[in-house]
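>>> Any chance you could fold what I've pasted below:
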Amino acid sequence: MPTQRNLWPYAIIATFVLFASYIGYMVQQALRTDVELVSPNYYQQELAYQQRMESVARTVALPAPVQIRYEAAAQRLTLELPAALAGPGMRGQVHFFRPSDQKLDFTLPFVPTGQPGRQQLSTARLRPGHWWLRLDFKANGQAYFIEQELSI
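Residues are numbered from 1 along each chain as shown. From the prediction side, this is the model:
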């Protein structure tokens, strides 16, 4: 009379081997993933959060809004400040922030030319996709800040 083999021990061992292989694969993938902070000096920026909120509130309270217009056909971005802020002491920076790739982030000086309080920037070097534009400037001794999404 032939004896029947019990397959349960083999099934249990195979299950454990497959589970261990899956966990090993997931650990390997986790170790290979590049984890980037939003910016290299994230913690210093977090400490300046209250000052940033005051700058945002000051910008919102302006009599006229800061205008940010993107013209896709001309590949041009126009930044225009209210006339009350236009003056010789105005200076600032325009940060282009790409959430999906930190290597594409860059900063340009905000230097209004021509019409007071107005600057035009070429967007030809920007890769298509989702961007954040951050305009950080000082006028009349006060700091201002505005952030806006851009789809190129």
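>>> Show me what counts as buried in the lowest-mean-pLDDT helix or strand in the chain.
Ranked by mean pLDDT, DSSP states H and E, the weakest helix or strand in the chain is helix 42-47, scoring a mean of 74. Residues of helix 42-47 classed as buried by neighbour count (16 or more other Cβ atoms under 10 Å): none. C-beta: built from backbone N, CA, C; applies to glycine.
>>> next SSE after that helix?
Downstream of helix 42-47, the first helix or strand assigned by DSSP states H and E is helix 49-60.
>>> List the buried residues in that following helix.
55, 59.
>>> So for that helix, mean pLDDT?
For helix 49-60, mean pLDDT rounds to 87.
>>> which residues sit against it?
66, 136, 142-146 (Cβ atoms under 8 Å, 6 or more residues apart in numbering).
>>> biggest helix in this protein by residues?
Of all the segments of type helix in the chain, defined by DSSP state H, the longest one is helix 8-32.
>>> From the chain's centroid, how far away is that helix?
Put simply, helix 8-32 sits 37 Å off its chain's centre (Cα atoms, centre = their mean, to the nearest Å).
>>> which other residues reach the helix or strand containing L133?
Using DSSP H and E, L133 sits in strand 130-139. Residues from elsewhere that reach strand 130-139 (Cβ under 8 Å, 6+ apart): 55, 66, 68, 77, 79, 81, 85-87, 89-100, 110, 143-152.
>>> got a list of contacts for the helix or strand just after that strand?
Once strand 130-139 ends, the next helix or strand along the chain (criterion: DSSP H and E) is strand 142-151. Defining contact as Cβ under 8 Å, 6+ apart, one finds that strand 142-151 is touched by 51-52, 54-56, 58-59, 62, 66, 68, 70, 77, 85, 92, 129-138.
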